[in-house]
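Asks: this one's sequence-less:
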(Lines give C-alpha, C1' and ligand atoms only; values in the text may rest on other atoms or scores of the structure.)
Protein backbone atom coordinates (compact mmCIF):
# COMPACT_ATOMS: atom_id res chain seq x y z
CA UNK A 1 0.00 0.00 0.00
CA UNK A 2 1.34 3.39 -0.98
CA UNK A 3 0.99 6.41 1.31
CA UNK A 4 1.21 10.01 0.23
CA UNK A 5 0.40 13.32 1.87
CA UNK A 6 -1.93 16.15 1.04
CA UNK A 7 -1.14 19.39 2.83
CA UNK A 8 -3.90 21.71 4.05
CA UNK A 9 -2.75 25.08 5.38
CA UNK A 10 -4.77 26.54 8.20
CA UNK A 11 -5.43 30.26 8.33
CA UNK A 12 -4.45 30.52 11.96
CA UNK A 13 -3.26 34.10 12.03
CA UNK A 14 -6.71 35.76 11.90
CA UNK A 15 -9.26 35.37 14.73
CA UNK A 16 -11.98 35.32 12.08
CA UNK A 17 -10.86 31.85 11.03
CA UNK A 18 -10.48 30.43 14.54
CA UNK A 19 -13.24 27.98 15.58
CA UNK A 20 -15.18 28.64 18.77
CA UNK A 21 -15.41 26.29 21.73
CA UNK A 22 -18.22 26.62 24.32
CA UNK A 23 -17.82 25.14 27.79
CA UNK A 24 -20.01 26.05 30.79
CA UNK A 25 -21.58 28.89 28.80
CA UNK A 26 -18.15 30.45 28.23
CA UNK A 27 -17.16 30.78 24.56
CA UNK A 28 -13.46 30.89 23.73
CA UNK A 29 -11.60 31.16 20.43
CA UNK A 30 -9.29 28.19 19.95
CA UNK A 31 -5.67 28.82 19.04
CA UNK A 32 -4.73 26.86 15.92
CA UNK A 33 -1.18 25.87 15.01
CA UNK A 34 0.35 27.79 12.14
CA UNK A 35 2.14 24.67 10.86
CA UNK A 36 0.61 22.71 7.96
CA UNK A 37 -1.76 19.87 8.77
CA UNK A 38 -0.65 16.59 7.17
CA UNK A 39 -3.54 14.41 5.99
CA UNK A 40 -2.59 10.85 5.08
CA UNK A 41 -4.46 9.41 2.10
CA UNK A 42 -4.20 5.74 1.23
CA UNK A 43 -4.02 4.56 -2.40
CA UNK A 44 -4.56 0.94 -3.44
CA UNK A 45 -2.67 -1.03 -6.08
CA UNK A 46 -4.47 -3.80 -7.97
CA UNK A 47 -3.44 -6.75 -10.11
CA UNK A 48 -5.57 -8.17 -12.94
CA UNK A 49 -4.78 -11.65 -14.31
CA UNK A 50 -6.26 -12.81 -17.61
CA UNK A 51 -6.68 -16.53 -18.27
CA UNK A 52 -5.62 -18.51 -21.31
CA UNK A 53 -4.96 -22.14 -20.24
CA UNK A 54 -1.19 -22.81 -20.41
CA UNK A 55 -0.55 -19.25 -21.58
CA UNK A 56 -0.91 -18.67 -17.85
CA UNK A 57 2.68 -19.89 -17.47
CA UNK A 58 3.70 -16.56 -19.01
CA UNK A 59 1.79 -14.88 -16.19
CA UNK A 60 3.53 -17.04 -13.61
CA UNK A 61 6.93 -16.10 -14.98
CA UNK A 62 6.01 -12.49 -14.26
CA UNK A 63 4.53 -13.21 -10.83
CA UNK A 64 7.55 -15.23 -9.72
CA UNK A 65 9.75 -12.24 -10.54
CA UNK A 66 7.35 -10.09 -8.51
CA UNK A 67 7.99 -12.39 -5.55
CA UNK A 68 11.75 -12.09 -6.03
CA UNK A 69 11.60 -8.31 -6.39
CA UNK A 70 9.20 -7.73 -3.50
CA UNK A 71 6.50 -6.30 -5.77
CA UNK A 72 3.22 -6.54 -3.87
CA UNK A 73 -0.39 -5.51 -4.36
CA UNK A 74 -3.35 -4.73 -2.15
CA UNK A 75 -5.70 -6.86 -4.23
CA UNK A 76 -5.96 -9.06 -7.30
CA UNK A 77 -8.62 -10.57 -9.54
CA UNK A 78 -7.87 -13.70 -11.55
CA UNK A 79 -9.78 -15.39 -14.36
CA UNK A 80 -9.45 -19.08 -15.20
CA UNK A 81 -5.71 -19.88 -15.37
CA UNK A 82 -5.12 -16.42 -13.94
CA UNK A 83 -6.48 -17.56 -10.59
CA UNK A 84 -5.64 -21.28 -10.90
CA UNK A 85 -1.96 -20.43 -11.32
CA UNK A 86 -2.01 -17.00 -9.69
CA UNK A 87 -3.00 -18.41 -6.30
CA UNK A 88 0.67 -19.42 -6.00
CA UNK A 89 1.59 -15.73 -5.95
CA UNK A 90 -0.61 -15.17 -2.89
CA UNK A 91 0.80 -18.30 -1.22
CA UNK A 92 4.30 -17.07 -2.15
CA UNK A 93 5.32 -20.39 -3.73
CA UNK A 94 7.75 -19.30 -6.40
CA UNK A 95 8.22 -21.86 -9.15
CA UNK A 96 5.38 -24.16 -8.09
CA UNK A 97 3.12 -23.64 -11.12
CA UNK A 98 5.81 -24.33 -13.74
CA UNK A 99 7.13 -27.23 -11.66
CA UNK A 100 3.93 -29.26 -11.40
CA UNK A 101 2.85 -28.49 -14.96
CA UNK A 102 6.11 -29.90 -16.30
CA UNK A 103 6.18 -32.80 -13.87
CA UNK A 104 2.66 -34.08 -14.64
CA UNK A 105 2.25 -32.96 -18.23
CA UNK A 106 2.04 -36.54 -19.55
CA UNK A 107 -0.18 -37.85 -16.75
CA UNK A 108 -3.67 -38.57 -18.16
CA UNK A 109 -5.29 -37.91 -14.79
CA UNK A 110 -3.87 -34.38 -14.95
CA UNK A 111 -5.13 -33.46 -18.42
CA UNK A 112 -6.05 -34.98 -21.74
CA UNK A 113 -8.74 -36.52 -23.87
CA UNK A 114 -8.85 -39.65 -21.74
CA UNK A 115 -9.69 -37.50 -18.74
CA UNK A 116 -12.40 -35.70 -20.70
CA UNK A 117 -13.98 -38.94 -21.92
CA UNK A 118 -13.88 -40.73 -18.56
CA UNK A 119 -14.63 -37.83 -16.21
CA UNK A 120 -16.19 -35.06 -18.29
CA UNK A 121 -13.30 -32.70 -17.56
CA UNK A 122 -10.28 -32.08 -19.77
CA UNK A 123 -8.28 -31.26 -16.63
CA UNK A 124 -8.90 -34.00 -14.07
CA UNK A 125 -10.73 -32.59 -11.06
CA UNK A 126 -9.51 -35.04 -8.42
CA UNK A 127 -5.90 -34.94 -9.60
CA UNK A 128 -5.69 -31.16 -10.15
CA UNK A 129 -7.60 -29.93 -7.13
CA UNK A 130 -6.95 -32.66 -4.57
CA UNK A 131 -4.06 -35.00 -5.35
CA UNK A 132 -1.57 -32.31 -6.41
CA UNK A 133 -2.29 -29.57 -3.83
CA UNK A 134 -2.74 -31.99 -0.92
CA UNK A 135 -0.09 -34.62 -1.63
CA UNK A 136 2.16 -34.35 -4.68
CA UNK A 137 3.11 -30.64 -4.67
CA UNK A 138 1.50 -29.26 -1.55
CA UNK A 139 -0.23 -25.89 -1.74
CA UNK A 140 0.74 -23.66 1.20
CA UNK A 141 -2.68 -22.79 2.56
CA UNK A 142 -1.24 -21.15 5.66
CA UNK A 143 0.80 -18.66 3.64
CA UNK A 144 -2.17 -18.06 1.35
CA UNK A 145 -4.39 -17.31 4.33
CA UNK A 146 -1.85 -15.06 6.05
CA UNK A 147 -1.10 -13.00 2.94
CA UNK A 148 -3.18 -9.82 3.33
CA UNK A 149 -3.69 -9.33 -0.40
CA UNK A 150 -7.37 -9.71 -1.32
CA UNK A 151 -7.86 -12.15 -4.19
CA UNK A 152 -11.04 -12.61 -6.22
CA UNK A 153 -11.85 -15.57 -8.46
CA UNK A 154 -14.06 -14.61 -11.40
CA UNK A 155 -16.70 -17.12 -12.50
CA UNK A 156 -19.62 -17.07 -14.95
CA UNK A 157 -23.09 -17.85 -13.61
CA UNK A 158 -24.78 -20.37 -15.93
CA UNK A 159 -28.29 -19.22 -15.00
CA UNK A 160 -27.89 -15.43 -15.10
CA UNK A 161 -25.04 -15.17 -17.61
CA UNK A 162 -23.36 -12.64 -15.32
CA UNK A 163 -19.89 -12.56 -13.81
CA UNK A 164 -19.59 -13.42 -10.13
CA UNK A 165 -16.58 -12.29 -8.10
CA UNK A 166 -15.78 -14.50 -5.14
CA UNK A 167 -13.19 -13.33 -2.63
CA UNK A 168 -10.98 -16.26 -1.69
CA UNK A 169 -10.23 -16.71 2.00
CA UNK A 170 -7.98 -19.53 3.20
CA UNK A 171 -7.03 -21.63 0.18
CA UNK A 172 -9.11 -24.50 1.54
CA UNK A 173 -11.57 -26.84 -0.14
CA UNK A 174 -14.22 -24.18 -0.77
CA UNK A 175 -11.67 -21.83 -2.34
CA UNK A 176 -10.47 -24.67 -4.55
CA UNK A 177 -14.06 -25.17 -5.70
CA UNK A 178 -14.30 -21.53 -6.79
CA UNK A 179 -10.89 -21.71 -8.47
CA UNK A 180 -11.98 -24.85 -10.30
CA UNK A 181 -15.19 -23.11 -11.42
CA UNK A 182 -13.23 -20.13 -12.71
CA UNK A 183 -11.08 -22.47 -14.81
CA UNK A 184 -13.89 -24.73 -16.08
CA UNK A 185 -13.73 -24.11 -19.81
CA UNK A 186 -17.04 -24.62 -21.62
CA UNK A 187 -17.28 -27.88 -23.60
CA UNK A 188 -14.08 -29.07 -21.91
CA UNK A 189 -15.47 -29.11 -18.36
CA UNK A 190 -18.64 -29.80 -16.46
CA UNK A 191 -20.31 -26.80 -14.81
CA UNK A 192 -19.34 -26.55 -11.14
CA UNK A 193 -22.17 -26.48 -8.61
CA UNK A 194 -21.69 -24.19 -5.60
CA UNK A 195 -24.49 -23.35 -3.17
CA UNK A 196 -27.19 -24.34 -5.62
CA UNK A 197 -25.79 -22.37 -8.58
CA UNK A 198 -23.80 -23.62 -11.58
CA UNK A 199 -20.69 -21.86 -12.79
CA UNK A 200 -18.28 -22.01 -15.73
CA UNK A 201 -15.07 -20.27 -16.77
CA UNK A 202 -14.97 -16.65 -15.65
CA UNK A 203 -13.58 -15.59 -19.01
CA UNK A 204 -17.02 -16.03 -20.60
CA UNK A 205 -18.54 -13.12 -18.66
CA UNK A 206 -15.51 -11.02 -17.69
CA UNK A 207 -12.20 -11.89 -19.32
CA UNK A 208 -10.22 -8.91 -18.02
CA UNK A 209 -11.79 -7.64 -14.77
CA UNK A 210 -10.12 -4.21 -14.68
CA UNK A 211 -13.41 -2.34 -14.25
CA UNK A 212 -14.30 -4.59 -11.32
CA UNK A 213 -11.03 -3.77 -9.59
CA UNK A 214 -11.51 -0.05 -10.17
CA UNK A 215 -14.99 -0.26 -8.62
CA UNK A 216 -13.40 -1.86 -5.55
CA UNK A 217 -11.26 1.26 -5.13
CA UNK A 218 -7.99 0.12 -6.67
CA UNK A 219 -6.52 3.33 -8.08
CA UNK A 220 -3.64 1.93 -10.09
CA UNK A 221 -3.67 -1.50 -11.67
CA UNK A 222 -1.18 -3.77 -13.37
CA UNK A 223 -2.95 -5.88 -16.01
CA UNK A 224 -1.24 -9.06 -17.22
CA UNK A 225 -2.56 -10.23 -20.59
CA UNK A 226 -1.59 -13.48 -22.26
CA UNK A 227 -2.17 -12.27 -25.81
CA UNK A 228 -0.11 -9.64 -27.67
CA UNK A 229 -1.20 -6.00 -27.53
CA UNK A 230 -2.61 -6.09 -31.09
CA UNK A 231 -4.61 -9.29 -30.59
CA UNK A 232 -8.23 -9.22 -31.82
CA UNK A 233 -10.57 -12.07 -30.86
CA UNK A 234 -12.89 -13.46 -33.53
CA UNK A 235 -16.23 -15.16 -33.12
CA UNK A 236 -16.28 -18.82 -32.11
CA UNK A 237 -17.70 -21.34 -34.59
CA UNK A 238 -21.50 -21.53 -34.33
CA UNK A 239 -21.18 -25.16 -33.28
CA UNK A 240 -19.60 -24.10 -29.98
CA UNK A 241 -22.69 -22.21 -28.86
CA UNK A 242 -24.96 -24.91 -30.29
CA UNK A 243 -23.23 -27.51 -28.11
CA UNK A 244 -24.21 -25.46 -25.05
CA UNK A 245 -27.90 -25.22 -25.98
CA UNK A 246 -28.89 -26.86 -22.67
CA UNK A 247 -27.27 -23.89 -20.89
CA UNK A 248 -28.76 -20.98 -22.87
CA UNK A 249 -27.02 -18.18 -20.98
CA UNK A 250 -23.63 -19.84 -21.39
CA UNK A 251 -24.35 -20.33 -25.09
CA UNK A 252 -25.15 -16.62 -25.39
CA UNK A 253 -21.89 -15.71 -23.65
CA UNK A 254 -19.95 -17.89 -26.08
CA UNK A 255 -21.68 -16.28 -29.09
CA UNK A 256 -20.83 -12.78 -27.87
CA UNK A 257 -17.50 -13.34 -26.20
CA UNK A 258 -15.42 -11.81 -28.98
CA UNK A 259 -17.43 -8.58 -28.73
CA UNK A 260 -16.98 -8.39 -24.95
CA UNK A 261 -13.31 -9.31 -25.09
CA UNK A 262 -12.37 -6.76 -27.74
CA UNK A 263 -14.26 -4.05 -25.87
CA UNK A 264 -12.35 -4.93 -22.70
CA UNK A 265 -8.93 -4.79 -24.35
CA UNK A 266 -9.86 -1.40 -25.82
CA UNK A 267 -10.87 -0.22 -22.33
CA UNK A 268 -7.61 -1.47 -20.80
CA UNK A 269 -5.62 0.44 -23.42
CA UNK A 270 -7.63 3.62 -22.81
CA UNK A 271 -6.95 3.37 -19.07
CA UNK A 272 -3.26 2.83 -19.78
CA UNK A 273 -3.30 6.02 -21.86
CA UNK A 274 -4.67 7.86 -18.81
CA UNK A 275 -1.70 6.65 -16.78
CA UNK A 276 -3.58 4.61 -14.16
CA UNK A 277 -3.02 1.18 -15.72
CA UNK A 278 0.16 -0.65 -16.70
CA UNK A 279 -0.11 -3.48 -19.23
CA UNK A 280 2.23 -6.48 -19.36
CA UNK A 281 1.74 -8.78 -22.34
CA UNK A 282 3.80 -10.94 -24.71
CA UNK A 283 5.36 -9.29 -27.74
CA UNK A 284 4.05 -12.04 -30.03
CA UNK A 285 1.68 -15.04 -29.76
CA UNK A 286 2.85 -17.55 -27.17
CA UNK A 287 1.95 -20.54 -29.36
CA UNK A 288 1.32 -23.01 -26.58
CA UNK A 289 -1.52 -25.53 -26.75
CA UNK A 290 -3.97 -26.15 -23.89
CA UNK A 291 -2.78 -29.77 -23.87
CA UNK A 292 0.89 -28.99 -24.46
CA UNK A 293 3.13 -31.98 -23.70
CA UNK A 294 6.52 -30.45 -24.37
CA UNK A 295 8.13 -29.31 -21.10
CA UNK A 296 10.64 -27.19 -23.01
CA UNK A 297 7.79 -25.24 -24.62
CA UNK A 298 6.25 -24.68 -21.20
CA UNK A 299 9.58 -23.46 -19.86
CA UNK A 300 9.99 -21.12 -22.83
CA UNK A 301 6.60 -19.47 -22.20
CA UNK A 302 7.37 -19.15 -18.48
CA UNK A 303 10.81 -17.69 -19.21
CA UNK A 304 9.31 -15.16 -21.61
CA UNK A 305 7.20 -13.83 -18.74
CA UNK A 306 10.22 -13.72 -16.46
CA UNK A 307 12.32 -11.81 -18.97
CA UNK A 308 9.59 -9.21 -19.48
CA UNK A 309 9.15 -8.71 -15.74
CA UNK A 310 12.88 -8.36 -15.14
CA UNK A 311 13.19 -5.91 -18.00
CA UNK A 312 10.38 -3.72 -16.67
CA UNK A 313 10.79 -4.25 -12.91
CA UNK A 314 11.95 -0.70 -12.21
CA UNK A 315 9.13 0.72 -14.32
CA UNK A 316 6.57 -1.39 -12.46
CA UNK A 317 7.89 -0.31 -9.06
CA UNK A 318 7.83 3.34 -10.08
CA UNK A 319 4.28 2.99 -11.39
CA UNK A 320 3.03 1.41 -8.16
CA UNK A 321 4.82 4.00 -6.02
CA UNK A 322 2.57 6.71 -7.47
CA UNK A 323 -0.59 5.33 -5.90
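Replies: Right, received. Where do you want to start? Keep in mind the model is a prediction, meaning the values are calculated, not measured.

Asks: need the contact list for the closest residue to residue 83 other than its chain neighbours.
Replies: Spatial nearest neighbour of residue 83, chain neighbours left out: residue 153 (4.6 Å); criterion: CB to CB, 6 or more residues apart in numbering. No exception for glycine: its C-beta is placed from N, CA and C like everyone else's. Listed by CB atoms under 8 Å, 6 or more residues apart in numbering, the contact partners of residue 153 are 78, 83, 165-166, 168, 175, 178-179, 181-182, 202.

Asks: what about the helix or strand where residue 153 lies, average pLDDT?
Replies: When secondary structure is defined using DSSP states H and E, the element that contains residue 153 is strand 150-157. Mean pLDDT, strand 150-157: 98.

Asks: and residue 226, how many neighbours?
Replies: Applying other CB atoms under 10 Å, we find 27 residues neighbouring residue 226.

Asks: that one and residue 145, how far apart?
Replies: Separation of residue 226 from residue 145 (CB to CB, to the nearest Å) stands at 27 Å.

Asks: which stretches in the chain count as strands?
Replies: 2-8, 20-23, 26-29, 37-43, 45-49, 75-79, 150-157, 163-167, 192-194, 197-201, 220-224, 277-280 (DSSP state E).

Asks: lowest mean pLDDT across these, which one is that?
Replies: Out of those, strand 2-8 stands lowest, with a mean of 34 (criterion: mean pLDDT).

Asks: ok, and what's touching stretch 264-272?
Replies: Residues external to stretch 264-272 that are found in contact with it (CB under 8 Å, 6+ apart): 206-208, 210-211, 214, 221, 223, 225, 229, 231, 277-279.

Asks: next, count neighbours for residue 130.
Replies: As a burial measure, the neighbour count of residue 130 was computed by other CB under 10 Å and equals 14.

Asks: could I get the pLDDT score of it?
Replies: The model reports residue 130 with a pLDDT of 96.

Asks: which residues does it contact?
Replies: Applying CB under 8 Å, 6+ apart, we find residue 130 in contact with residue 176.

Asks: ok, so what distance separates it from residue 56?
Replies: 20 Å.

Asks: pLDDT on the lengthiest helix in the chain, on average?
Replies: What stands out as the longest helix in the chain, according to DSSP state H, is helix 248-274. The predicted model gives helix 248-274 an average pLDDT of 98.

Asks: any idea how far the residue nearest to residue 221 when sequence neighbours are not counted lies from residue 161?
Replies: The spatially closest residue to residue 221, leaving aside those adjacent along the chain, is residue 46, at 4.1 Å (CB to CB, 6+ apart). Relative to residue 161, residue 46 is positioned 25 Å away (criterion: CB to CB).

Asks: the more surrounded of the two?
Replies: residue 46 (27 against 17).

Asks: which residues does the more buried one contact?
Replies: Going by CB under 8 Å, 6+ apart, the list of residues near residue 46 reads 73-77, 213-214, 216, 218-222.

Asks: one more time with 7 Å
Replies: Residue 46 sits next to 73-76, 213, 218, 221 when contact means CB atoms under 7 Å, 6 or more residues apart in numbering.

Asks: list just the nearest of these to residue 307.
Replies: If you rank the contacts of residue 46 by distance to residue 307 using CB to CB, residue 73 comes first, at 21.0 Å.

Asks: now for that closest one: which residues touch it?
Replies: Contact partners of residue 73, counting by CB under 7 Å, 6+ apart, are 45-47, 149.

Asks: not counting its neighbours along the chain, what's nearest it?
Replies: Using CB to CB, 6+ apart and skipping the chain neighbours, the partner closest in space to residue 73 is residue 47 (4.4 Å).

Asks: ok, that neighbour - contacts?
Replies: The neighbours of residue 47, taking CB under 7 Å, 6+ apart as the test, are 73, 76, 221-222.
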